[in-house]
Structures are given as C-alpha cells and as structure tokens.
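> I would like the atomic coordinates for the input below:
(2 chains)
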2 protein chains.
Amino acid sequence: MPRYRILVEYDGGPFVGWQAQANGPSVQSALEEAVFRFCGERIRVQGAGRTDAGVHAGGQVAHLDLESTRRPAVLRDAVNHHLGPLPVSVLAAEEAAPDFHARFSAVGRAYRFRILNRRAPPALDRGRVWHVGTPLDAGAMDEAARRLLGRHDFSSFRSSECQASSPLRTLDRLDVRREGEEIVLYAEARSFLHHQMRIIAGTLREVGAGKRTPDDVSAALEAASRPAAGPTAPPHGLCLTRVWY
Amino acid sequence: MPRYRILVEYDGGPFVGWQAQANGPSVQSALEEAVFRFCGERIRVQGAGRTDAGVHAGGQVAHLDLESTRRPAVLRDAVNHHLGPLPVSVLAAEEAAPDFHARFSAVGRAYRFRILNRRAPPALDRGRVWHVGTPLDAGAMDEAARRLLGRHDFSSFRSSECQASSPLRTLDRLDVRREGEEIVLYAEARSFLHHQMRIIAGTLREVGAGKRTPDDVSAALEAASRPAAGPTAPPHGLCLTRVWY
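Numbers count the residues shown, from 1 in each chain, chains lettered A, B, ... in the order given. Take a look at the predicted model:
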C-alpha cells in the first residue's frame, strides 16, 4: 500500500477549514472526493496543518495511502482534474516512506499574515488581506514581535478551544515588514497553537495603532491568560506557506 | 460644477468590462450607481482605459463632474461605502482642472500580463493569471517582444472590432520576465489598440513554446493582418496598472 506526499495550494474562502466537518465543505474532503473520482478508493488525506475556515495555504503538505500504485505525476494531474472549479490545487506529488506522516513528521511550519494598511478597501486582494484603514506603525509592531520570539507559555495567544496538551511553543521567527501598502507578518515555529497567529496579528495591530506598547505585549505574554492579549484577527489574512520535514 | 479625478482598482471578473453595456454589470455603472447613492446625482464616470470583460485594474483613472462641491476624501470614502461587496475600490480622489479628461488627457498607459507557467492550475491566483501548463522560454519571449518596440502598424495585433482610426501605435516598453513560477509581461504606450496586449501575450506564448521564432514575430508585425499573429490570450491575466498625464 504505497504512501504519497502531496503539496497543496488553496483559497480557504469557500471552505470550513482544512478538516472534514459536518457543517460544510472542507479542503480535506475535496481532496478525498477527487481521489475517489480518480481511482475509486475511499481514503483519508492527512494534512500537516489544520487551517481554520478562511485561512489559505500556498504550501500545505498532506499524505495519503492508496491500494494501487500510481505514478505521482498522474496522481497530481488526476486529482487536479477532478477538483474541477474548486480553488484547491495539488502542486506536487511524490512517493513517501511508509512511516512518513504529514502532521507528526513535520519539524517546522511557516505562516504569513497580510494586512492591507490603506484607507481604501481591497478590490484585487479581497479575501487575501486584513484591511486596516488607519495608519499602523510597522516598526513598533516589529519591536513588539521580538518579545514573542523563543520558547514561552503562549496561553494568552491560544484560542479557548485549543486542544493542544501544552501551551508551550517556540517561535523561531516573527518579522513584521512594511511592503508598499501592506504590513506583512512572517512566522516560523515547529508548531502553532490554535489561533496563535491570528491572536498575534490582532495584538500587534493594536501596537501598530498605538494602543499597546511592546512592553504591554511582554506583559500580555507573561500573564498567560487569553484576555491579556488582543483580539483574534480575521482568518483571510493568514496563509500557511511552508512545512518542513 | 467641480470635476473630480479618481484612481480606481477593480477585479474585472464579475463585470462585462469598464464600459456600461446592456448585457450585464460594468465597472463604470457600478461607480455611477455608487455616486448616485452618495449624493443623488446621475452622472457619467469617464475612464482612461475601456478595459475588456475580465480585465483587471490596479490604477485605472476616471473623472466625473458633480453639481455640488464635495471634499475629495469624502467622495472616495462614500463611493467605496456604496460600492458595498462589489470588487471595485476608489484608492484616491482629488479635484481636477475643468479641462482634465481621464481618457483624452492621458499621455501614457501601463499594462501587466501575468502567465502562471507551472503544471498545476492556480488556486490562490485563479482569475488573476493565465495558466499555461507547459514550460515556456521567457528569454525567447523577451527577445521577440523587442521586435514590437517602437512605432509600428499593429494591424496584426488588433481585434477585428477595433474602432481606432489608425493602427499605428508606439510601444515604449515591452519586457518579459520570469518571476518564480510566473512569466510577466510589462508594457507601456501612449495608448493601445483593442485586444493589443492580449494578442501580444497570445503570440509571445507561442514563441515561449517554440512554435514561433522572434523572426516570425517580426514577420507577423510586417504582415499587418490579424491572422498573421497568434491567438488572443484570455482577459484575466491582464491588468491596467497605471495611467500618466
């Protein structure tokens, strides 16, 4: 029973998230249905990151097992064909070792969060950026971001529904850069807590607006309590860009 | 009667084009309707470039006259408010001289055409790029593009429905660059013929695929006959990026 590893890009907008759920279409189910239409096998596609509803991916990784052996390029093309108009695309496919697990073998994940920081709302990047119409200080946001680097108890920056057994995480990278009209957050960690990036974005936005100082962000982290941090930013600014193994 | 100049961004996907038409929603009509909802005036919005159905703009310029004097920032924000969910956004507004004309005062226009050149179809940039799944030689495309620079009879590169009185145009810039998985065409001219950029993109794609040489493109230009050039590329790779005055 060969195992395949696939690299997947998707627009999270029309989905309830990566994970299959009863309340609507998921990216996982879309891929599983496309595999079924291709080869008639009902299989499970396991993803590296269970992105929320509305969150995008440019570099999601998943694995799946088939009864039959298929050429990886054929698998990629056939799944893309059967995905039809859904905004999900298999960028690459390869055979993987039998013990490769997209989620548990991953040693690093990268996310990008885009804020469009101009008065006018987005037309071309609608659904891809968080629109913040008042000026933000990207330098202050970057300074505050440094306070979150390293290994910490991120209880203030996790959803109340987070199911991780420990709130400890190590943030290896968190940069904030102004790129034209956008302010872009880049983050890397072995793994992230539920809503961690979105709460970080919502909190740094308050720093950018002058409502919090970098010291306030340090204090919010030390408080280890969700209400100490800022609001959860909307999902559509967020994109899972890469997974390392 | 004050005249206003506005800078407009839009996703051309849901529209029949810039120009108001009987057969569906246009960007022009959407703006005119939003102005009406704002101030109750039925006015005409004149654009610099009459983009086709599906063609996008990041820097369309238009002008409009109002009976009443309005602060330009209020006009911008109110029109954006009344555009609601439509993917059209007024980026800037300013008062203009009474003789300013968005179309006839323009001295230059810039377009960008994006080709996604990878096997897998786009998910995140769907509707923003022309997907060409087989490898293209961007260097050959750029070499062929140089043959089109300067003042020429572009009869081979205009739609049969083009209403311009002369097929003579001066192409000031036409660069082709590979940018990661994309091949991007950048073009500048005082004005363009109908479908000119899309026929250029369709022809250069054939050069990239090895079906035509740069010399063939020179010959197609000299033939001054539409069938001598390649097919018209789809509209959704094209974006009007800037207009100069």
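> how close does residue A:37 sit to residue B:109?
Residue A:37 sits 45 Å away from residue B:109, taking CB to CB, to the nearest Å as the criterion. C-beta here means a position set from N, CA and C on the backbone, and glycine is covered the same way.
> now residue A:207, nearest residue through space, not along the chain?
residue A:144 (4.3 Å; CB to CB, 6 or more residues apart in numbering or on different chains).
> about what we covered before: for residue A:37 and residue B:109, indicate the residue with more neighbours.
residue B:109 (22 against 14; other CB atoms under 10 Å in any protein chain shown).
> now the longest strand along chain A: mean pLDDT?
Counting residues, the longest strand found in chain A (DSSP state E) is strand A:168-179. For strand A:168-179, the per-residue pLDDT values average out at 98.
> just the helices from chain A, written as ranges.
A:27-39, A:72-83, A:138-146, A:196-208, A:214-223 (DSSP state H).
> buried residues in the longest strand of chain A?
A:169, A:171, A:174, A:176, A:178 (16 or more other CB atoms under 10 Å in any protein chain shown).
> and the closest residue to the first one other than its chain neighbours, what does it touch?
Meaning residue A:169. Leaving aside its sequence neighbours, residue A:169 sits nearest to residue A:154 (CB to CB, 6+ apart; 5.1 Å). Contact partners of residue A:154, counting by CB atoms under 8 Å, 6 or more residues apart in numbering or on different chains, are A:167-169, A:193, A:196, A:221.
> and residue A:154, backbone torsions?
Residue A:154 adopts backbone torsions of phi -100, psi 30, taken as degrees, to the nearest 10.
> gap between it and residue A:132?
23 Å.
> again, but for residue A:33
Distance from residue A:33 to residue A:132, counting by CB to CB: 37 Å.
> can you report how many residues lie near the closest residue to residue A:245 other than its chain neighbours?
Residue nearest to residue A:245 in three dimensions, not counting chain neighbours: residue A:105, with 5.4 Å by CB to CB, 6+ apart. Neighbours of residue A:105 under the rule other CB under 10 Å: 17.
> okay, domains of chain A per the record?
The record's domain parsing of chain A by automatic domain parsing lists A:3-96, A:108-244.
> neighbouring strands - and their directions - for the longest strand of chain A?
Each strand paired with strand A:168-179, and its direction, by DSSP bridges: strand A:150-153 (antiparallel), strand A:182-189 (antiparallel).
> and the pLDDT for residue A:239?
98.
> quick check: bridge partners of it?
residue A:56, residue A:112.
> can you pull the contacts of the closest residue to residue A:83 other than its chain neighbours?
Leaving out its chain neighbours, the residue that sits closest to residue A:83 by CB to CB, 6+ apart is residue A:34, at 4.8 Å. By CB under 8 Å, 6+ apart, the residues touching residue A:34 are A:78-83.
> is it true that residue A:207 touches residue A:218?
No: Residue A:207 lies out of contact with residue A:218 (CB atoms under 8 Å); the separation is 11.2 Å.
> looking at the two, which is more packed in?
residue A:207 (25 against 14).
> which residues does the more buried one contact?
For residue A:207, the contact set (CB under 8 Å, 6+ apart) comprises A:137, A:140-141, A:143-144, A:213-214, A:216-217.
> looking at neighbours, which among the contacts of residue A:34 is most surrounded?
Going by other CB under 10 Å, residue A:79 tops those with 28 neighbours.
> how about the strands paired with strand A:168-179 in JSON lines, adding distance to residue B:50 and mean pLDDT?
Formatted as JSON lines, the strands paired with strand A:168-179 follow (distance: least, CB to CB, whole Å; pLDDT from 0 to 100):
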{"stretch": "strand A:150-153", "distance to residue B:50": "55", "mean pLDDT": "98"}
{"stretch": "strand A:182-189", "distance to residue B:50": "29", "mean pLDDT": "98"}
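> okay, those strands, which one's buried deepest?
With neighbours taken as mean count of other CB atoms under 10 Å in any protein chain shown, the strands paired with strand A:168-179 reach their highest mean count in strand A:182-189, at a mean of 21.
> from residue A:49, how far off is the closest residue to residue A:108 other than its chain neighbours?
Nearest non-adjacent residue to residue A:108, counting by CB to CB, 6+ apart: residue A:244, 3.7 Å away. In this view, residue A:244 and residue A:49 are 12 Å apart by CB to CB.
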